[in-house]
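1. here's a sequence, model it:
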Amino acid sequence: MRLSAFGEKFFSGAGILSLMDDLGKAMADGGSIMMGGGNPGHIREIEEVLRQRLLELASDEQALRKLIGVYEPPCGDRTFCCALADLLKRQYGWAISEENICLTSGSQSAFFLLFNLLAGRTREGGQQKILLPLAPEYIGYADLGIDSDLFLSIRPKIEEIGERYFKYRVNFEKIVLGPDIAAICVSRPTNPTGNVLTDAEMRKLSRLAKEHGIPLIIDSAYGLPFPAMIYTEAAPFWEPHLVLSMSLSKFGLPAARTGIIIADAPLIRLLSGANAVINLASCGFGAMLTVDLVASGEIIRLSNEVVKPFYEQKMKLALAAVEEQFTGFPYRIHIPEGAMFLWLWFPDLPISSRTLYERLKQRGVVVVSGDSFFPGLAPGWQHIHECLRITYAQDELQVRRGIGLIAEEVQAAWKAAQH
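-> Numbering: from 1, shown residues only. Predicted coordinates:
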């Protein structure tokens, strides 16, 4: 079989494909400790709200027919889009309408469309790129480009905080926005580190994007206004040059694959057209299930009062387990300001994080090696081989046990290096 360059990309093994494959195998064997992926935890109160809504839809003949038997338009369920626009106008005063909103089959699909609509080879033979101003960044971005070499990442400043913590800061001095930069993209909170870029950092990135006539894409899959998994001060904002990506996954609907893009109307029309070509229509399941929660604003209350505290408590328990069990070797933790991850840094680790990942997999612990999160970064930075991402979203006892096994493997690596 002869493959295109696009086909070769998947044959060679994409990072996100490897991660999801590992997770699938671990789920199948049933004995592994799942600390690798971004699957949300199961929150009973949220599940009960969604169960009740699903029962209502199933008992309403017209609603059920729409849910399972009618194509939505390429831009998604208009009732949902109108409800969301009204909510954001009430909550934040944003000057948007349903014409500024497009639904996609998950945010991964949305970013595939966005990145390839904006960046890649041009008709003139040039190459446009997406600037990631703060590496590390989401593993799922890395292989989304139809063309290779789609990203340019900036090495961050590292601020060490106390004896055990640190925080990445945007190194604005290193950002150069030439004509080859098609857009800036950040996740907030950042996956994998849980970093929340400050309001000042966001305003400065927004100003840079506006001055150069390019979009600033903000991936808010874990952020505001929902699911609100932010544990520090942060404010959402939107302007016509911004592209805000949201999702229903971390609110509790990962299987519904509902991505939400808010942008200037011309880009939304372009995105809707691409959606029609690739997906024909948007999946309406998540939108129909949550439209009443959006219209009433209940989705924001549930996010702030149920979802956020659920993960914040899990984060505190995971931190306590790390501080208790990580002894006898150097480590730092990125300040966990949001999302559902701990980003662990082992300075001068005598083995690579990739080797550590493989050893942990043999012990039945699925994590993610830190070197998967630096697309477009110039080679030569040892730091990327010293980090792991773990998730604390699942069962607390399993997370605690997994943290103990990570400690054992790091201790063993140091012991072997000293002999």
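
2. how much space separates residue 208 from residue 176?
-> Applying Cβ to Cβ, to the nearest Å, the value for residue 208 to residue 176 is 10 Å. Placement of C-beta: from N, CA and C, glycine included.

3. what about the two, which has more around it?
-> The residue with more neighbours, out of residue 208 and residue 176, is residue 208; 18 against 10, by other Cβ atoms under 10 Å.

4. surely the more buried one is in a strand?
-> No. Checked against DSSP: H, G, I helix; E, B strand; the rest coil, residue 208 lies outside a strand; its state is helix.

5. who touches the nearest residue to it once chain neighbours are set aside in this structure?
-> For residue 208, ignoring the flanking residues on the chain, the nearest one in space by Cβ to Cβ, 6 or more residues apart in numbering is residue 177 at 6.2 Å. Contact analysis of residue 177 by Cβ atoms under 8 Å, 6 or more residues apart in numbering lists 131, 184, 208, 212, 214.

6. tell me the pLDDT at residue 177?
-> Among the per-residue scores, residue 177 shows a pLDDT of 95.

7. in what element of secondary structure is it found?
-> Using DSSP states H and E, residue 177 falls within no helix or strand.

8. using PDB, list the CA coordinates for stretch 288-296.
-> As requested, the backbone C-alpha atoms of stretch 288-296 are provided in PDB (Å, rounded to 0.1, in the frame of the first residue of the first chain):
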ATOM      1  CA  MET A 288     -29.400  19.100  23.100                       C
ATOM      2  CA  LEU A 289     -28.500  17.500  26.500                       C
ATOM      3  CA  THR A 290     -27.200  20.800  27.900                       C
ATOM      4  CA  VAL A 291     -29.100  23.600  26.100                       C
ATOM      5  CA  ASP A 292     -31.400  24.200  29.100                       C
ATOM      6  CA  LEU A 293     -28.400  24.300  31.500                       C
ATOM      7  CA  VAL A 294     -26.800  26.900  29.200                       C
ATOM      8  CA  ALA A 295     -30.000  29.000  28.700                       C
ATOM      9  CA  SER A 296     -30.600  29.200  32.500                       C
END
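
9. return the set of buried residues in it.
-> Using 16 or more other Cβ atoms under 10 Å as the burial criterion, the residues of stretch 288-296 that qualify are 288, 289, 290, 291, 292, 293, 294, 295.

10. one more: stretch 160-179?
-> Buried residues in stretch 160-179, defined by neighbour count with 16+ other Cβ under 10 Å: 166, 167, 168, 170, 175.

11. and what of stretch 367-385?
-> Of the residues in stretch 367-385, 367-377, 383-385 count as buried by neighbour count, 16+ other Cβ under 10 Å.

12. average model confidence for that stretch?
-> Throughout stretch 367-385, pLDDT has a mean value of 94.

13. swap in stretch 60-68?
-> Per-residue pLDDT values across stretch 60-68 average out to 87.

14. quick one: residue 139 and residue 373 touch, right?
-> Yes. Counting by Cβ atoms under 8 Å, residue 139 touches residue 373, with 5.5 Å between them.

15. which residues are in contact with each of the two?
-> Shared contacts of residue 139 and residue 373, defined by Cβ under 8 Å, 6+ apart, are found at residue 192.

16. tabulate the buried residues of stretch 367-385 in TSV, adding columns for secondary structure.
-> Supplementary listing: the buried residues of stretch 367-385 in TSV, determined by three-state DSSP:
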residue	secondary structure
367	coil
368	strand
369	strand
370	helix
371	helix
372	helix
373	helix
374	coil
375	coil
376	coil
377	coil
383	helix
384	helix
385	helix
